[in-house]
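> Okay, sequence plus prediction incoming.
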Amino acid sequence: MFLGTHSPRLDEKGRLFLPAKYRDELSGGLVITKGQERCLYVFPVDEFQRITDALRSAPVTAKAVRDYSRIFFASASDEVPDKQGRITIPPGLRAYAGLERDCVVIGANTRLEIWAEQAWADYEAEQEQAFADLSEEVLPGVL
């Protein structure tokens, strides 16, 4: 489970230090791909395999499944952190998420998300009040 908010920086080669608390779990490899709201999703290999299996069983006759799968898998990059805990974010993914130097890495349960610092600040400002104002359960019986 991934939790918390961290603020690493991209270096001049497009490398990002993974937060130290996640390095052991991701040391065997990970997959980075495009996420919603112009962030990047980072999955441990096992979790990416679970998602792959679920999408494999989805009907290819459904246009939304085909469209989602194409973007999701075509943009995916498998990476292994180096000895210092850095991963290289490919140029196409950096461009998609608007990543330049200052980034935010958030824990999002089964994945990490990488955001451009300003994009995360804007998203958080927009969503935080709505979160505080929720008057009904989002997941009935869970919270």
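Okay, I see it. This structure is a prediction, so every number in the text was calculated from the model and none was measured.

> Could you use CA atoms for every contact and neighbour count after this?
Fine.

> Out of the helices and strands in the protein, which is least certain?
The weakest-scoring helix or strand in the chain, judged by mean pLDDT, DSSP states H and E, is helix 117-133 (a mean of 92).

> Mind giving me the packing neighbours of that helix?
strand 103-108 (3 or more CA pairs under 8 Å, 6 or more residues apart in numbering; DSSP states H and E).

> One more pass at 10 Å, please.
Judged by 3 or more CA pairs under 10 Å, 6 or more residues apart in numbering; DSSP states H and E, helix 117-133 is in contact with strand 103-108, strand 111-116.

> Any idea which of the ones you listed gets closest to Thr88?
strand 111-116 (12.5 Å; CA to CA).

> May I see the buried residues of that closest one?
The neighbour-count check on strand 111-116 (16 or more other CA atoms under 10 Å) flags Arg111, Leu112, Glu113, Ile114, Trp115, Ala116 as buried.

> how much space between the fifth one and Asp133?
So the one you mean is Trp115. Trp115 sits 24 Å away from Asp133, going by CA to CA, to the nearest Å.

> Could you do the second one as well?
When distance is defined by CA to CA, Leu112 is 25 Å away from Asp133.

> How about the last one?
Plainly put, Ala116 is 26 Å away from Asp133 if you go by CA to CA.

> circling back: so which of the helices and strands packed on helix 117-133 comes closest to Thr61?
With CA to CA as the measure, strand 111-116 is the member of the helices and strands packed on helix 117-133 nearest Thr61 (28.1 Å).

> Sketch out the low-pLDDT regions of this protein for me.
Residues of the chain meeting the criterion pLDDT under 70: 139-143.

> So what sits opposite the spatially most central residue of it in the bridge?
Nearest to the mean C-alpha position of the chain, by CA atoms, centre = their mean, lies Tyr41 at 1.7 Å. Per DSSP bridges, the residues bridged to Tyr41 are Thr33, Glu113.

> give the contact list for it.
31-35, 72, 76, 105-106, 108, 110-115 (CA atoms under 10 Å, 6 or more residues apart in numbering).
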